[in-house]
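Visitor: A predicted structure for the sequence below; I have some questions about it.
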Amino acid sequence: MTADPEPTPAGPETVSQFESATTIHPASARSATGTHALPETPVDLIFNPWVPEIHANPYPVYRRLQQEDPVHKPFPGVWILSRHRDVAALLRHPDVSSDRRNSPVYEEFVKALPVEPDEGALTPSMLFLDPPDHDRLRRLANKAFTPRAVERLVPRIHQVVTELLDRAEERGEFDVIADLAYPLPVTVISEMLGIPEEDRERLRAWSLDLIYTLDPMLSVEALARAQRAGAEFRSYLRELIAGRRRHLGDDLLSGLIQAEDQGQQLTPQELVATCVLLLVAGHETTSSFIGNGMLALLRHPDQYARLHDDPALMRSAGEELLRFDSPVQLTGRLVLRDAQIAGQRVQAGQDVVALVGAANRDPEVFAEPDRLDLGRTDNGHLAFDGGIHFWLGAPLARVEGGTAIASVVRRFPALGLATDEPVWRDTITLRALSSLPVAVT
Ligand code: HEM
């Protein structure tokens, strides 16, 4: 690791939660007490994504989980699903919740937060809400986030990619992350919301701290950092929104301010939570799509050449790259009522983790799942799946990721990895590289 801190050990100083990038919510009693019981399943197979080898390449362990322990119970109260059918079913299960306030230990968790929550810290974004509030927020966001709005962005996306690659080409070598995968989506989502250029570095810093709160566990220090970043981010946005209210434009933020659903608008705190979610989700995942996708292509020169020779393949290639090394590796749900999940009786208040990254390599669904095949058809990957939380930014990320990857491959027929050991960021839910140096050969 260079720029990023060492992986968080899942030790006693950790808290556990599935928390939105906007607010703080617990998953279970472990979160508040910081302790957890010894593993109940006495097998040599304990899924621990913080182990460096597993972090670097989780796919062999995913396969073992699917074959040997598809409903994995690393410790009491937590279930881990790895099969495609179980993951897809969980995300649509009527008895599970994304709202951490339903956790039996929510109050305890809030009291134990390392930093006093600021105004808005406990207002969940739509990602961490259930119907009807989820549906109301999503309908409002959808109004401002229309496919037409994304369509209008296509020329600008091409222009940003061209400018970034022009600069990279001049140098002869570049870092796919720093020079393309990060600046492209950040520029696009910031321009959509009307975030001034000079503020975008701060946005990046807040996002880097906040993204850890999506992980199943994080250290108390990381949680404190995330809380501070969230508080600064929200305060920044409140000011930006106040100014925009006085001078409404045709940007996404003005659209969100004005959006109405059945006579109702977003409350001020909901508006801030939605903006944080859009800004963080709108660039971290797309950046990872481009980075992971480029790494996969560079490690499979035959597929790289295939895409170079047949650019029309980009549509299926994009889906295959998202399947092969998914940006969002896992998500979680809280069980509201005793329920049958993946053939097991799961009690109310327990947590179920869905390993999306494993589901996307399930041999029951994908022929030769570990083979990268850019022409793969019927690609039923779950990279964007969240049931009702299905990826709001799908059209945008597809256009951004597809344009960036296709442009690199078209422009540089002979591009090589300039490192044997790409460095992964130490986040668990988001699988992303911290750098990917390449050389034009
Ligand atoms: C390749 C890029 C992306 C991937 C892989 C991805 C993946 C996902 C996944 C898996 C979920 C559901 C999580 C869950 O239910 O637990 C989700 C939700 C969401 N994503 Fe993305 N995403 C990407 C890009 C984007 C972009 C570009 C935006 C916005 C500009 C965005 C905005 C959202 C929002 C707002 C939600 C919550 C939707 C809801 O709760 O109804 N995402 N994303």
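Guide: Received the coordinates, thanks.
Visitor: My guess is residue 365 contacts residue 380. True?
Guide: Yes. If you go by C-beta atoms under 8 Å, residue 365 and residue 380 touch, sitting 6.3 Å apart. From N, CA and C alone the C-beta is placed, and that goes for glycine too.
Visitor: which of the two has more neighbours?
Guide: Using other C-beta atoms under 10 Å, the more surrounded residue of residue 365 and residue 380 is residue 365, with 19 against 14.
Visitor: got the phi/psi numbers for that one?
Guide: Main-chain torsions, residue 365, degrees, to the nearest 10: phi -110, psi -40.
Visitor: Same check on the one 5 residues further on?
Guide: According to degrees, to the nearest 10, the main-chain angles of residue 370 amount to phi -90, psi 0.
Visitor: show me where pLDDT drops low in the stretch 1-150 of the chain?
Guide: Across the stretch 1-150 of the chain, the ranges flagged by pLDDT under 70 are 1-43, 144.
Visitor: Name the spans of the stretch 251-400 of the chain whose pLDDT lies under the cut-off.
Guide: For the stretch 251-400 of the chain, no range has pLDDT under 70.
Visitor: dump the residue contacts of the closest residue to residue 72 other than its chain neighbours.
Guide: Counting by C-beta to C-beta, 6 or more residues apart in numbering, residue 72 lies nearest to residue 80, which is 4.1 Å off, once chain neighbours are set aside. Shown in contact with residue 80 (C-beta atoms under 8 Å, 6 or more residues apart in numbering): 47, 65, 71-74, 352-353, 355.
Visitor: Just put those in JSON lines and tack on distance to the ligand and secondary structure.
Guide: Formatted as JSON lines, these follow (distance: C-beta to the nearest ligand atom, whole Å; DSSP: H, G, I helix; E, B strand; the rest coil):
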{"residue": "47", "distance to the ligand": "18", "secondary structure": "coil"}
{"residue": "65", "distance to the ligand": "19", "secondary structure": "helix"}
{"residue": "71", "distance to the ligand": "19", "secondary structure": "strand"}
{"residue": "72", "distance to the ligand": "19", "secondary structure": "strand"}
{"residue": "73", "distance to the ligand": "21", "secondary structure": "coil"}
{"residue": "74", "distance to the ligand": "19", "secondary structure": "coil"}
{"residue": "352", "distance to the ligand": "12", "secondary structure": "strand"}
{"residue": "353", "distance to the ligand": "11", "secondary structure": "strand"}
{"residue": "355", "distance to the ligand": "12", "secondary structure": "strand"}
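Visitor: which helices and strands sit right next to the helix or strand harbouring residue 188?
Guide: Using DSSP states H and E, residue 188 maps to helix 183-193. In terms of contacts (3 or more C-beta pairs under 8 Å, 6 or more residues apart in numbering; DSSP states H and E), helix 183-193 is packed against helix 147-171, helix 200-210, helix 252-258, helix 268-299, helix 394-411.
Visitor: Go again with 6 Å.
Guide: helix 252-258, helix 268-299, helix 394-411 (3 or more C-beta pairs under 6 Å, 6 or more residues apart in numbering; DSSP states H and E).
Visitor: buried ones in the helix or strand that the longest one is followed by?
Guide: It refers to helix 268-299. Later in the chain than helix 268-299, the nearest helix or strand by DSSP H and E is helix 301-309. Of all the residues in helix 301-309, those buried under the rule 16 or more other C-beta atoms under 10 Å are 303-304, 306-308.
Visitor: And the contacts of the following helix or strand past helix 301-309?
Guide: Next along the chain after helix 301-309, taking DSSP H and E as the criterion, comes helix 314-324. With contact meaning C-beta atoms under 6 Å, 6 or more residues apart in numbering, helix 314-324 is reached by 293, 296, 307, 360, 372, 374-376, 379, 381, 383, 401-402, 406.
Visitor: list the contacts for residue 306?
Guide: Per C-beta under 6 Å, 6+ apart, neighbours of residue 306: residue 374.
Visitor: quick one: the closest residue to residue 323 other than its chain neighbours and the ligand, what's the gap?
Guide: Sequence neighbours aside, residue 381 is the residue nearest to residue 323 in space, at 3.6 Å (criterion: C-beta to C-beta, 6+ apart). Separation of residue 381 from the ligand (C-beta to the nearest ligand atom, to the nearest Å) stands at 10 Å.
Visitor: that older thread, closest one of the buried residues of helix 301-309 to the ligand?
Guide: Among the buried residues of helix 301-309, residue 307 lies closest to the ligand (C-beta to the nearest ligand atom), at 17.8 Å.
Visitor: Surely that closest one and residue 300 touch.
Guide: No. Using C-beta atoms under 6 Å, residue 307 makes no contact with residue 300, being 9.9 Å away.
Visitor: Would it be right to say that the residue nearest to residue 72 lies in a strand?
Guide: Yes. Residue 80 sits within a strand when classified using DSSP: H, G, I helix; E, B strand; the rest coil.
Visitor: So what pairs up with it in the strands?
Guide: For residue 80, the beta-bridge partners under DSSP bridges are residue 72, residue 353.
Visitor: Quick check: nearest residue in space to residue 86, chain neighbours excluded?
Guide: Per C-beta to C-beta, 6+ apart, closest to residue 86 is residue 342, 4.0 Å.
Visitor: ok, the one you found - contacts?
Guide: 71, 81, 86.
Visitor: Over to residue 329?
Guide: By C-beta under 6 Å, 6+ apart, the neighbours of residue 329 are 357, 431.
Visitor: Okay, the residue lying closest to residue 387 once chain neighbours are set aside and residue 135: tell me how far apart.
Guide: With sequence-adjacent residues excluded and distances taken as C-beta to C-beta, 6+ apart, residue 387 is closest to residue 91, at 3.7 Å. For residue 91, the distance to residue 135 (C-beta to C-beta, to the nearest Å) stands at 16 Å.
Visitor: So which of the two has more stuff around it?
Guide: Neighbour count, other C-beta under 10 Å: between residue 91 and residue 135, residue 91 has more, with 21 against 14.
Visitor: The more buried one contacts residue 388, doesn't it?
Guide: No. Using C-beta under 6 Å, residue 91 is not in contact with residue 388, being 8.4 Å away.
Visitor: near the ligand, which residues of the stretch 51-200 of the chain?
Guide: Contact residues (C-beta under 6 Å from any ligand atom) of the stretch 51-200 of the chain with the ligand: 126-127, 138, 189.
Visitor: Let's see that with 8 Å instead.
Guide: Contacts of the stretch 51-200 of the chain with the ligand, taken as C-beta under 8 Å from any ligand atom, map to 91, 98, 125-129, 134, 137-138, 141, 145, 185, 189, 192.
Visitor: Could you give me the PyMOL syntax to select whichever of these are buried?
Guide: Selection of buried members from those for PyMOL, criterion 16+ other C-beta under 10 Å:
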select buried, resi 91+98+125+126+127+128+129+134+137+138+141+145+185+189+192
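Visitor: Among the contacts of helix 314-324, which one has the most neighbours?
Guide: Top of the contacts of helix 314-324 by neighbour count (other C-beta under 10 Å): residue 401, with 28 neighbours.
Visitor: shouldn't that one be in contact with residue 290?
Guide: Yes. The pair formed by residue 401 and residue 290 meets the contact definition of C-beta under 6 Å, at 5.4 Å.
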